[in-house]
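> below is the sequence, then the predicted model.
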Amino acid sequence: MSGPATPFRFVSSDRRVREDRRFVVGKGRFAADIAMAGTRHVALVSCPYPAARIVAIDKAAALALPGVHYVLDGRELTAATSPLLAGLDIPNVPRRPLAVDVARYAGEWVAAVVADTRALAEDAAELVNVDYEPLPFVLDGEEAYAAGSPRVHEAHGTNVLLDRTFVWGEVEKDFAESRHRLAFKVKWGRSATVPIETFGVLASWDPWREILDVFASIQMPRFPDQVALALKLPGSAVRVHNDVDVGGSYGVKRGIKHAVLVAFLSRRLGFPVRLMEDRLENMRGGDAHGPERNFDIEVAFDDAGVIRAMKMRALDNVGAYAGRSPFQLGKPISAIVGPYRIKSVQYRAIAVTSNKTTQEAVRAFGQSPTNYAIERTLEEVAWHRGLDRLEVRRRNLIKADQFPYLIPSGTSYDSGDYDAVIDKVLAQADYATLEAERDRLRGQGLLAGIGIAACLEPSGANSTFELLLNPKNETTTYTESCRITVDVSGAVTANIHTVSAGQGHETLVGTVVGEVLGIDPDRIRVVRPDSLSAMPSQSPVGSRMAIMLGGAAFHAAQKLKARLVAIGAHDLGIPEERTAYENGNVSDRAAPQLTAHSTTYAVFNLPRDLSLGDEILL
Amino acid sequence: MRVELSVNGKPHVVEVESRTSLLDCLRERLLLNGAHAGCEHGVCGACTVLIDGTPMRSCLMFAVQADGYVITTIEGLSPGPGELSPVQDAFCETHGMQCGYCTPAMILTAHALLAGNPAPTRAEIVEAISGNICRCTGYAQIVEAIALAAERMRGVNRPDGADASAQAGPA
């Protein structure tokens, strides 16, 4: 059976995912599979209290165990490294891999034990005797925000990391002119994503070459730079290997603190060091935690339930340190009204510390809680006006003929047909039957309901939220790149510069490059050079790679094709307009049977204005 | 302790600590990395191997307990270099995975199911893999892969459309 006709030969065709072959035979290359001779293993000593002063660390019994090489504490590590990058101006909230003097959440790492095997390291970790003095603590975000709360970081003077208010449009005027107003609270409980593979990293420092090799299970923009900064090394001394398969991530495979820890240990001890989280470490002190957000919403609307203005206060309990979390309050700015025509918005973003595990990035990077709050707003308005909630959504949706549509916070939505989405969802879900089933269950005295939500998420390359939350940040876009080379046999290799966690990037790039060049994608080799050989990549975050990596591969392949055509035309002695390009070959339209030039000629037969070794870059 | 393990048809003699899990023994001593550590307490199923044909958690079994049993890991399923078993091929056909971390265990479990039940119902497939977590949530395509493999292994997709039972006879 053939599908709908498309302008493509390979894109969107029914082809296998090339990565699958290695996974089905157990030949993936995950962090725990990478072996280096002489590797030693780390186990962690974690604080059992939400807040405690570290009075003393007695390492003697652990070090006495045969096969144990070292017990590292936070003071030694701190003396040799810089704090991890926070992105906000909060010098008195330093974040480090191991706690120094004070531990601020249950599960925070206090010491790291290095031994010949992981099992031995765990034995020794149990023998590290830490003398703690428990301290007052705060877990709730609003309590942490209130005056008089225990302070998580005494030197910072407050638990507030960020408190910014944005006003887009004439909010007060719109509220004053609206017939109806509502105020309510919405709470998004702390969430986490937990991959089956825990986080793992292997680091090896070569003191003669002065280079650090890192193999890690990551999904983290600027990972090599951040590791280098913390270790006080030039970026060119940190080589992160991208040919590592990641066993699921969903945003949480960040691993900066893990990598800095094992890298320091490898430099300190002179052998490769590996840290594989166990499940307990992964869930309490790893990077798996996501947003925990309280919303206070005020909304102004008319009799028909059409919303004119919204005030949103979002307080996020980021945990003990500033991970990526404060910025998760920023990303929703670029879709602050969701798919709705809300004219004016006041958005107050507050990030507070508490004695909970530090938040990192979790799938959708902060957008999901805000979507939930917006959807609750639509429900509240419908309820208040006694209107059908789907009808209220339709009345507020941006209509198909209104695109491009500029939302109050400055994002231009390029296209959309949201009503069509509702129609499709209702048809697919058989809404009428669902309603009948709900009513039948309610008739039996059961509680039953149907959840409805629209979800509009920014993806691609926009990272202006970093700049919005801290004007000193210079990042406004997340770039991606692809390099294509042709060898003397005419074979094509595409280079990509990131790890993958199941997104199928090799298939994506092979397909796109094959499409443009007219070559079977299975013949396009896709490789992943290490970070020192790589072009810029911001890693697969924010659902961006089909757009950004696919786009980079597309344009690089087009450049290569243009060059092949130029070379072919030169070699044939004809103008480019007379060439025909097909399946990697260039021929003369006027005499196609006579000459065809394969990609091989791109290497050997170069016109004067093109030089050997030029790469096709984007 | 000295332990004799039969893995993928080959005998191995290894010295292990009595506390060494079968998973660690397979990965670290026999360099068979297809079994993966996930939760290391018997919940996720990523470490599944076949013990006398039955799916078992290699993280919950000591290597010394496996002495004398026939152990099959994912490395033992491929018919030859570059080749795939029908189940492995079906997982590729339906893209029954995303990150691939749970995949070897999922495939071993499917092999065990189909060895005893060549025509499982959807409910039986779902029940069989209920001890294997795919956190990327690729279950629909995993179930589809197993059903496809079963269909192919029964021979019902032969070009002439004949059922395998009708073609049974001397090779």
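Noted; the coordinates are in hand.
> can you pull out the strands in the stretch 1-150 of chain A?
A:40-46, A:52-58, A:68-73, A:102-103, A:109-115, A:129-134 (DSSP state E, counting those that start in this stretch).
> other SSEs contacting the second one?
Translated: strand A:52-58. strand A:102-103, strand A:109-115, strand A:129-134 (3 or more C-beta pairs under 8 Å, 6 or more residues apart in numbering or on different chains; DSSP states H and E). C-beta here means a position set from N, CA and C on the backbone, and glycine is covered the same way.
> in a markdown table, list these along with distance to B:Thr20 and mean pLDDT.
Shown next, in a markdown table, are the helices and strands packed on strand A:52-58 (distance: least, C-beta to C-beta, whole Å; pLDDT from 0 to 100):
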| stretch | distance to B:Thr20 | mean pLDDT |
| --- | --- | --- |
| strand A:102-103 | 32 | 98 |
| strand A:109-115 | 15 | 98 |
| strand A:129-134 | 27 | 98 |
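> can you tell me which of those strands is nearest to chain B?
Closest of the helices and strands packed on strand A:52-58 to chain B is strand A:109-115, at 13.5 Å (criterion: C-beta to the nearest C-beta).
> buried residues of that closest one, list them for me.
Along strand A:109-115, these residues count as buried under the neighbour rule (16 or more other C-beta atoms under 10 Å in any protein chain shown): A:109-115.
> again, but for stretch B:70-80
So stretch B:70-80, judged by 16+ other C-beta under 10 Å, has buried residues B:71-78.
> quick one: it to chain centroid distance?
8 Å (C-alpha atoms, centre = their mean, to the nearest Å).
> just give me the neighbour total for the nearest residue to A:Gly169 once chain neighbours are set aside.
Using C-beta to C-beta, 6 or more residues apart in numbering or on different chains and skipping the chain neighbours, the partner closest in space to A:Gly169 is A:Ser344 (2.8 Å). Residues within reach of A:Ser344, counting by other C-beta atoms under 10 Å in any protein chain shown, total 20.
> pretty sure A:Ser344 contacts A:Asp174?
Yes. When contacts are counted by C-beta atoms under 8 Å, A:Ser344 is listed as touching A:Asp174 (4.8 Å).
> list residues touching both of these two?
Taking C-beta atoms under 8 Å, 6 or more residues apart in numbering or on different chains as the contact rule, A:Ser344 and A:Asp174 both touch A:308-309.
> pick out the residue closest to the middle of the chain.
Since you didn't name a chain, this refers to chain A. In chain A, the residue lying closest to the centroid (C-alpha atoms, centre = their mean) is A:Val541, at 3.0 Å.
> right idea, wrong chain: chain B
Centre-nearest of chain B using C-alpha atoms, centre = their mean is B:Leu108, 0.9 Å out.
> where does that one fall, secondary structure wise?
helix B:103-116 (DSSP states H and E).
> chain center to that helix: distance?
The answer for helix B:103-116 is 4 Å, by C-alpha atoms, centre = their mean.
> then stretch B:104-119 to PDB, C-alphas only?
Coordinates of each C-alpha in stretch B:104-119 appear next as PDB, following Å, rounded to 0.1, in the frame of the first residue of the first chain:
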ATOM      1  CA  PRO B 104      18.200  -6.700  24.800                       C
ATOM      2  CA  ALA B 105      16.100  -7.700  27.800                       C
ATOM      3  CA  MET B 106      12.900  -7.100  26.000                       C
ATOM      4  CA  ILE B 107      14.100  -9.300  23.100                       C
ATOM      5  CA  LEU B 108      15.200 -12.100  25.300                       C
ATOM      6  CA  THR B 109      11.900 -12.100  27.100                       C
ATOM      7  CA  ALA B 110      10.100 -12.200  23.700                       C
ATOM      8  CA  HIS B 111      12.300 -15.100  22.600                       C
ATOM      9  CA  ALA B 112      11.300 -17.000  25.700                       C
ATOM     10  CA  LEU B 113       7.600 -16.300  25.100                       C
ATOM     11  CA  LEU B 114       7.700 -17.400  21.500                       C
ATOM     12  CA  ALA B 115       9.700 -20.500  22.300                       C
ATOM     13  CA  GLY B 116       6.800 -21.800  24.400                       C
ATOM     14  CA  ASN B 117       3.900 -20.100  22.600                       C
ATOM     15  CA  PRO B 118       4.300 -19.500  18.900                       C
ATOM     16  CA  ALA B 119       1.000 -17.700  18.500                       C
END
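> that'll do, ta.
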